[in-house]
Structures are given as structure tokens and as C-alpha cells.
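K.L.:
coordinates only, no sequence provided:
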């Protein structure tokens, strides 16, 4: 019998999970378990890894189904624009960065002080973008400047 407390199946209300379309379920499952310290709840169909207080659900892509008739799921391709990403908040970004790097994570840059927070980005094996940040200045009322404008 499955332990309901390990699944994203609330007895009341709701829980928010994050679904990722992946190319290789085993590789992605290992990334979220090993790099982010998650607990594998289900190996596949779908794979579910509980990370801190959320669940990452992973399955390969596929075509439309009766409940999403016009939707095709695909993992991102290198160079694809990003429209959404995970945001991981940590207590000690230097320690997290060192540990994740030692476990094989590849970051776009080292952590950068952005005034309100210190943050950096990494990608999972399929290219999904993950922001890792530690609140710093925002805890004292200091925030980053406005985003750069284009045009």
C-alpha cells in the first residue's frame, strides 16, 4: 500500500506541484534527488520526487490526450526562450552552491549579489532553468533596481 503522506494528494484544500516534461526520467529523477536532496516517491509513470515542501513530477513528453486535446508536451531545446522557471530559496547560498556543484550541478554563473538577494541559476539535465536565491537586503527593505528595458 502506498503511504499517502508521501504523495501530493491532500486530504483537504490543495498542494502545488511542478510538472516537468523530461527526455530521460531516470536521469532527471536522480538530479532532483541527488542535487536538491529530494526523496523519490515514485520511480516513474510519473516519477515524483519530494523536494523540501513541494513535489516535482516528471514524465516524458507526448501528444494530446482527451483532457488536453490541443496540447503537446516537450522538453525544452537548447536556446529556447524561457517563460517559467523554478525558484529555490535557500538559507545559505554559498553552502548550497558548493554542495550542488560537488554533486554535478552546472550553474550559469557563481552567486551574484543583486542587492535584495544573492542569486544564481542552474539548469537541470533537460535544460529547465532553476533560480537559486538567498534573501539578504530584502530582509532589511533593500530591493533590486527596476529591470532593464528593451527597445
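P.N.:
Everything's here; your move. Since this is a predicted model, take the numbers as computed values, not measurements.
K.L.:
what's the spacing between the residue nearest to the spatial centre of the chain and residue 69?
P.N.:
Centroid-nearest residue in the chain, with CA atoms, centre = their mean: residue 86, separated by 4.0 Å. Distance of residue 86 to residue 69, computed by CB to CB, to the nearest Å: 27 Å. Just so you know, the C-beta spots here come from the backbone N, C-alpha and C atoms, and that holds for glycine as well.
K.L.:
one step back: which residues does the closest residue to the residue nearest to the centre of the chain other than its chain neighbours bridge with?
P.N.:
Using CB to CB, 6 or more residues apart in numbering and skipping the chain neighbours, the partner closest in space to residue 86 is residue 130 (4.7 Å). Beta bridges link residue 130 to residue 86, residue 122, judged by DSSP bridges.
K.L.:
quick one: residue 130 and residue 122 touch, right?
P.N.:
Yes. Contact criterion CB atoms under 8 Å: residue 130 and residue 122 qualify, at 5.2 Å.
K.L.:
quick check: domain ranges of the protein?
P.N.:
Using automatic domain parsing, the domain ranges for the chain come out as 1-68, 76-146.
K.L.:
make TSV out of the ones you listed and add mean pLDDT.
P.N.:
Below are those laid out as TSV (pLDDT from 0 to 100):
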stretch	mean pLDDT
domain 1-68	92
domain 76-146	94
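K.L.:
contacting residues around the residue nearest to the centre of the chain?
P.N.:
18, 128-131 (CB atoms under 8 Å, 6 or more residues apart in numbering).
K.L.:
work out for me the element the residue nearest to residue 24 when sequence neighbours are not counted sits within.
P.N.:
Using CB to CB, 6+ apart and skipping the chain neighbours, the partner closest in space to residue 24 is residue 125 (6.8 Å). Per DSSP states H and E, residue 125 falls between elements, in no helix or strand.
K.L.:
residue 125 against residue 27, yeah?
P.N.:
Yes. In this structure residue 125 lies within contact range of residue 27 using CB under 8 Å: 4.9 Å.
K.L.:
of the two, who's got more company?
P.N.:
residue 125 (19 against 13; other CB atoms under 10 Å).
K.L.:
list the contacts for that one?
P.N.:
With CB under 8 Å, 6+ apart, residue 125 has these contacts: 22-24, 27-28, 31.
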